[in-house]
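Undergrad: can you look at this prediction? I've put the sequence above it.
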Amino acid sequence: MVSERKAKNHSDWTGAYYQYFADGRALMFPSETLVRLFKGPYVPNMPTSFEGMQVLEVGCGSGNNLMMLASLGMQIAGTETSEEICELTRGILSDRGIKADLKVGFNTSLPFEDKSFDFLVSWNVLHYEDTEEKIKRGIKEYARVLKPGGRFFLSTTGPDHKILKDARTLGAHRYEIGRNDDFRKGAVYFYFDAENYIRLFFGHEFDSVMVGRIHDCLFTDTLDWFLVTGVGRANTQSKRFT
């Protein structure tokens, strides 16, 4: 999932992104980490049954995570940056007998009512917002659509991730992708350098914020992600950023 600005202004990149799905190269299996978070004993106070609950995945891609979430009995919704990608994903899910409410939307502008979801999943999409202000807006928007007591799960780039190899530093937390083998070359990433920044940003909108990390060395490259979860507040008034 790209930011709203990039979807409008970077047609070459988003065109390559669309083609990635159209060519069948998108993932067709869910994130193993996300499966563990929903089914394992790693998160306090997780329900034992998800039947009938509402879940939104921001930047749902080809629906690989939505398939798993639907298998838990949840009502699924998702956003992507174009109607073409939404239509492709609807077809993938429909072929498997899965109904989903898919809409064009962005981290900073989700086309759903306040307090609509029991869970929100944001899997490697928030970091496409390329300024601190947009990151804050995205986090605030996540809080808006989540029910009081609802939980979000988020994965985002860690400082050792391969995507940052040959990246150009633009400022605090901001890097321009420089890898020649990546179709996102030239895009700007925002990533959290350390856990304390994550707790600061998300703690303004959510309670019980927890931070984890996945760090995989796969022979030639390293994959590194921060994992974040937290709970929506009964009082949606956010704390003031200082």
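TA: Arrived safely, thanks for sending.
Undergrad: C-alpha from now on. contacts and neighbour counts both.
TA: Will do.
Undergrad: could you list every residue that touches Asp224?
TA: Residues in contact with Asp224 (CA atoms under 8 Å, 6 or more residues apart in numbering) are Thr157, Gly158, Pro159, Asp160, His161, Lys162, Arg213, Ile214, His215, Asp216.
Undergrad: dump the C-alpha coordinates for the stretch of helix or strand it belongs to into CSV.
TA: Counting by DSSP states H and E, the element that carries Asp224 is strand 221-232. In CSV, the C-alpha atoms belonging to strand 221-232 read as follows (Å, rounded to 0.1, in the frame of the first residue of the first chain):
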residue,chain,number,x,y,z
ASP,A,221,19.7,-10.6,2.7
THR,A,222,18.3,-9.7,6.1
LEU,A,223,14.6,-9.1,6.7
ASP,A,224,13.9,-7.0,9.8
TRP,A,225,10.5,-5.8,11.0
PHE,A,226,9.1,-4.2,14.1
LEU,A,227,5.8,-5.6,15.3
VAL,A,228,3.4,-3.3,17.2
THR,A,229,0.1,-3.9,18.9
GLY,A,230,-2.2,-1.8,21.1
VAL,A,231,-5.7,-1.3,22.2
GLY,A,232,-8.2,1.4,21.2
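Undergrad: list the pairing partners of that strand within its sheet, with orientation.
TA: strand 146-157 (antiparallel), strand 206-218 (antiparallel) (DSSP bridges).
Undergrad: now do the buried residues in it.
TA: Leu223, Asp224, Trp225, Phe226, Leu227, Val228, Thr229, Gly230, Val231, Gly232 (16 or more other CA atoms under 10 Å).
Undergrad: next one: it to chain centre, how far?
TA: Here strand 221-232 is found 10 Å from its chain centre; the criterion is CA atoms, centre = their mean, to the nearest Å.
Undergrad: and that strand, what's its mean pLDDT?
TA: For strand 221-232, mean pLDDT rounds to 97.
Undergrad: begin at 36 from here
TA: Got it, first residue is 36 now, which makes that one strand 256-267.
Undergrad: which one of the strands paired with strand 256-267 is the most hemmed in?
TA: Among these, ranked by average contacts under mean count of other CA atoms under 10 Å, first place goes to strand 181-192 (a mean of 22).
Undergrad: can you put the contacts of Asp259 in a markdown table and add pLDDT?
TA: Shown next, in a markdown table, are the contacts of Asp259 (pLDDT from 0 to 100):
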| residue | pLDDT |
| --- | --- |
| Thr192 | 94 |
| Gly193 | 94 |
| Pro194 | 91 |
| Asp195 | 94 |
| His196 | 95 |
| Lys197 | 94 |
| Arg248 | 97 |
| Ile249 | 97 |
| His250 | 96 |
| Asp251 | 96 |
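Undergrad: and the furthest pair within those residues?
TA: Lys197 and Arg248 (15.1 Å; CA to CA).
Undergrad: circling back to that earlier point, closest one to Ala207 among the strands paired with strand 256-267?
TA: Here strand 181-192 is closest among the strands paired with strand 256-267 (CA to CA), at 14.7 Å.
Undergrad: beyond that closest one, next helix or strand please.
TA: strand 203-206.
Undergrad: tell me who's in contact with Arg131.
TA: Here Arg131 is in contact with no residue (CA under 8 Å, 6+ apart).
Undergrad: nope, Val180 is what I meant
TA: So Val180 contacts Leu145, Phe147, Glu148, Asp149, Lys150, Ser151, Phe152 (CA under 8 Å, 6+ apart).
Undergrad: helix, strand, or coil at the closest residue to the first one other than its chain neighbours?
TA: To tie it back to what came earlier, the one meant is Leu145. Among residues not flanking Leu145 along the chain, Glu176 sits closest, at 7.0 Å (CA to CA, 6 or more residues apart in numbering). Put simply, Glu176 is helix when judged by DSSP: H, G, I helix; E, B strand; the rest coil.
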